[in-house]
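Enquirer: Could you work out the structure for the sequence below:
(2 chains)
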Amino acid sequence: MKSIFIIMLSAVFVDNFVLSKFMGICPFLGVSKKLSSSLGMGAAVIFVMVCATAVTYPVYSGILAPNGLEYLNTVSFILIIALFVQLVEIALKKIMPPLYNALGVYLPLITTNCAVLGVTLINIENGYSFVESLANSFFVGVGFTLSLILFSGVRSKLETADIPQTFKGVPSTLIAASIVSISFLAFSGLIK
Amino acid sequence: MSNFKEFTKGLIKENPNLVGLLGMCPTLAVTTQAINGIGMGLATTFVLLGSNIVISLLKNVIPKTVKLPCYIVIIAGFVTLISFLLHGYIPSLYDALGTFLNLITVNCIILGRAEMFACKNKVIPSALDGLGMGLGFTLSLFLMGSVREILGSGSWMGFKIPGMHPMSVFVMSAGGFFVLGCIIAVINKVAGKKPPQKLGCAGCPNAENCAARKGGE
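Expert: Here you go, the predicted model:
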């Protein structure tokens, strides 16, 4: 239980994937315009991260590692994630149309989201157990959602701000992200 | 002559990183030192060159419906190859890049070039396009890395700069966002063009059915 708590603190605050590890920057900048789309994207990412970990971890420890094929992890993981996202999209469309309407549009974006591949690889790298990996994936997703939600608030103010022409658009968004990232620096040192 | 154009366009005019706004994650993550930027850029160039050549050779073989998984497997194969080579020959760079070496697989520059160029063109233009785009990416990573290393560690390419007081915020994550924002702003100013209002969705393979595009506007 203690290790899970530490994983939670680390994944959500200290090593926030977006703001301190720089994974998933594209959706962070692309989707964070509105609170509703931030929430939708965040939920879809949490869902895919947990499910992808649930599939890739057994594949790694059951098939790749016993046969000395660890070096195939990138190839197999990305294939699994790509397949999985497609499957989820088809399944959600058939089984739960309301959920599909809420999350479905974000799913294709996730295949090429480096945070999803990143979290599956990092779980293996850190030598987490299966339960710890699932927890880590879940909380990394929560951290991702948190940063998206925080940033969508910042951006709604940014829309109406009077910014020099050169800095309008992406440059000002990046600089705002830098300030949000500074606020997360306060958490560093929380875990030794 | 036209082939030469394919090579040069990626360097500055259509720089995938600073003008196309693709591949932001490695740009921010590995550029705490100029030398890491070069290493990451060259590794990406290698993958881009290889995948562009293979995809343009196979463009008539790969069925349209499963092209995305096919491209990803080809790209991931080259990524595995380069990570072996770096692990064997330049272990220090391998350690410095860490997970981001594997994450070249999902770098949208590579998929974007596969989708926009390599699957429609012959081998030689595709190879030159890949090389140009890769070197353009290397150039922008080198620029980012230099700025952050000079300001953040008071050195350049590992050499100390006398009289320079390091501001460590620039090597932290916040500095990455800040420097990238400023560089893009400077480029907008110099190029005198209207700044891009959003990220370059055009290069993204999922652009047609992407939510950020449909819903966000």
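
Enquirer: ok, residue 52 - contacts?
Expert: By default, I'm working from chain A. A:77, A:80-81, A:84, A:116, A:119-120, A:137 (Cβ atoms under 8 Å, 6 or more residues apart in numbering or on different chains). In this view, the C-beta of every residue, glycine as well, is placed from N, C-alpha and C.

Enquirer: hm, I was asking about chain B
Expert: Counting by Cβ under 8 Å, 6+ apart, residue B:52 has contacts B:113-114, B:117-118, B:126-127, B:129-130.

Enquirer: got the contacts of residue A:52 as JSON lines, with pLDDT columns?
Expert: Output for these, formatted as JSON lines (pLDDT from 0 to 100):
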{"residue": "A:77", "pLDDT": "88"}
{"residue": "A:80", "pLDDT": "86"}
{"residue": "A:81", "pLDDT": "86"}
{"residue": "A:84", "pLDDT": "81"}
{"residue": "A:116", "pLDDT": "87"}
{"residue": "A:119", "pLDDT": "89"}
{"residue": "A:120", "pLDDT": "89"}
{"residue": "A:137", "pLDDT": "92"}
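
Enquirer: Residue B:89: which of the residues you listed is nearest?
Expert: Comparing the contacts of residue A:52 against residue B:89 with Cβ to Cβ places residue A:77 closest, at 24.7 Å.

Enquirer: Am I right that the closest one is in contact with residue A:116?
Expert: No: Residue A:77 is beyond contact range of residue A:116, at 9.1 Å (criterion: Cβ atoms under 8 Å).

Enquirer: neighbour count winner among these two?
Expert: residue A:116 (30 against 25; other Cβ atoms under 10 Å in any protein chain shown).

Enquirer: name the helices or strands packed onto the helix or strand where that one lies?
Expert: Applying DSSP states H and E as the criterion places residue A:116 in helix A:114-125. With contacts taken as 3 or more Cβ pairs under 8 Å, 6 or more residues apart in numbering or on different chains; DSSP states H and E, helix A:114-125 sits against helix A:35-59, helix A:73-95, helix A:130-160, helix B:99-102.

Enquirer: Now do that helix: distance to the chain's middle.
Expert: 10 Å (Cα atoms, centre = their mean, to the nearest Å).

Enquirer: Now do the buried residues in whichever strand or helix holds residue B:145.
Expert: Using DSSP H and E, residue B:145 maps to helix B:123-153. Within helix B:123-153, the residues scored as buried using 16 or more other Cβ atoms under 10 Å in any protein chain shown are B:125-153.

Enquirer: With stretch A:168-178 instead?
Expert: A:168-178.

Enquirer: Can you narrow the residues you listed down to the ones near chain B?
Expert: Of the residues in the buried residues of stretch A:168-178, proximity to chain B by Cβ under 8 Å from any Cβ of the partner chain holds for A:168-175, A:177-178.

Enquirer: So which of those residues sit within strands?
Expert: The members of these all map outside strands under DSSP state E.

Enquirer: Which ones among the residues you listed map onto helices?
Expert: Counting by DSSP state H, the part of those found in helices is A:170-175, A:177-178.

Enquirer: which one among the contacts of residue B:52 gets closest to residue B:181?
Expert: residue B:113 (24.9 Å).

Enquirer: how close does the most centrally placed residue in chain B get to residue A:127?
Expert: In chain B, the centroid-proximal residue (Cα atoms, centre = their mean) is residue B:137; its distance is 4.4 Å. According to Cβ to Cβ, to the nearest Å, residue B:137 and residue A:127 sit 33 Å apart.

Enquirer: go on, residue A:84?
Expert: Residue A:84 is 23 Å from residue A:127, by Cβ to Cβ.

Enquirer: So these two - more neighbours on which side?
Expert: Each of residue A:84 and residue A:127 has its neighbours counted (other Cβ under 10 Å); residue A:84 has more, 20 against 8.

Enquirer: Counting by contacts, list what the helix or strand of chain A with the lowest mean pLDDT packs against.
Expert: Taking mean pLDDT, DSSP states H and E as the measure, chain A has helix A:107-111 as its least confident helix or strand, at a mean of 72. Applying 3+ Cβ pairs under 8 Å, 6+ apart, one finds that helix A:107-111 makes contact with helix A:25-31, helix A:35-59, helix A:73-95, helix B:211-214.
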